[in-house]
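S.K.: I'd like to go over a predicted model; first the sequence, then the structure.
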Amino acid sequence: MNPARNPSEERLLAYAAGTLSPPEAVVVAAHLALRPANNAWVRRLQSLGGEFLEEAQPSTLSDGALARAMARIETDAGEAARAPPPPNDMPELPEPLRRYALGRWRWIGPGIRARDVHAPRDGDCRVILLKIDPGRATPRHTHGGVELTCVLSGAYATETTRFDVGDLEEADEAVLHQPRVVSEAPCLCVVALDGQIQPDGWMGRLIAPFIRL
Ligand code: ZN
């Protein structure tokens, strides 16, 4: 797989182990729904983890630990049996995103709109949908923390890489980029964003207060 358009193996491992931060896990889940090969890899890892636990159980888990594990499984089953929340108003979203309520569309800048995804947060890191019109670009920017972007429809390109449906871009404080939509239709992305983007240059700093994602 092309490392520039896929989650890093570390991030996929953390997702499989259930230790990835919740907002990042939402974006990775959307990516996996669109990338069956990566999804199969993650499921294989998870099943290996399960087999390992089964083999380890008789000798290493005390009775108390086993009872707690069983109680946990029963609790999880009880939660699963409860009615799921009604799906949101965007049937075009991949299945892992349908369960979350969505905020209203907000105007961010010319040709750029955003919508909050009411998924679990992790400090300042949260999930948003970003819709950018054809030919439009975000300001050239860097980041205060992680920015994980998965393309849901359309396509965009940075200075170095093109991202199509299902592709995932990992960016952080070390990345300076300017995504520009290169599809004929608007580009819809789901993004886990920590803090705010930090526009580059004197003009970027002037307009930064107006760009609140
Ligand atoms: Zn960015």
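M.R.: Here it is on my side, so go on. Residues are numbered from 1 along each chain as shown.
S.K.: Ramachandran angles for residue 25?
M.R.: Note on residue 25: backbone dihedrals following degrees, to the nearest 10 are phi -60, psi -30.
S.K.: pretty sure it contacts residue 17?
M.R.: No - counting by CB atoms under 8 Å, residue 25 stays clear of residue 17, with 10.7 Å between them. All C-beta atoms are positioned from the backbone trio N, CA, C, and that covers glycine.
S.K.: In terms of neighbours, single out the busier of those two.
M.R.: residue 25 (22 against 11; other CB atoms under 10 Å).
S.K.: show me the contacts for the residue lying closest to that one once chain neighbours are set aside.
M.R.: Sequence neighbours aside, residue 15 is the residue nearest to residue 25 in space, at 5.8 Å (criterion: CB to CB, 6 or more residues apart in numbering). Neighbouring residues of residue 15 by CB atoms under 8 Å, 6 or more residues apart in numbering: 7, 24-25, 28-29, 32, 42.
S.K.: what does residue 114 give?
M.R.: 105-106, 108, 128-131, 213.
S.K.: Dump these into a markdown table; add secondary structure and distance to the ion as well.
M.R.: Formatted as a markdown table, these follow (DSSP: H, G, I helix; E, B strand; the rest coil; distance: CB to the ion, whole Å):
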| residue | secondary structure | distance to the ion |
| --- | --- | --- |
| 105 | coil | 20 |
| 106 | strand | 18 |
| 108 | strand | 13 |
| 128 | strand | 12 |
| 129 | strand | 15 |
| 130 | strand | 10 |
| 131 | strand | 15 |
| 213 | coil | 10 |
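S.K.: sec struct for the residue most central in space within the chain, please.
M.R.: For the chain, residue 27 is the residue whose C-alpha lies nearest the centre (CA atoms, centre = their mean; 1.4 Å). Look at residue 27: counting by DSSP: H, G, I helix; E, B strand; the rest coil, its state is helix.
S.K.: ok, so what distance separates it from the ion?
M.R.: According to CB to the ion, to the nearest Å, residue 27 and the ion sit 13 Å apart.
S.K.: ditto for residue 30
M.R.: Residue 30 is 17 Å from the ion, by CB to the ion.
S.K.: now stretch 168-183: mean pLDDT?
M.R.: Mean per-residue pLDDT for stretch 168-183: 96.
S.K.: count of neighbours near residue 207?
M.R.: The number of residues near residue 207, taken as other CB under 10 Å, comes to 12.
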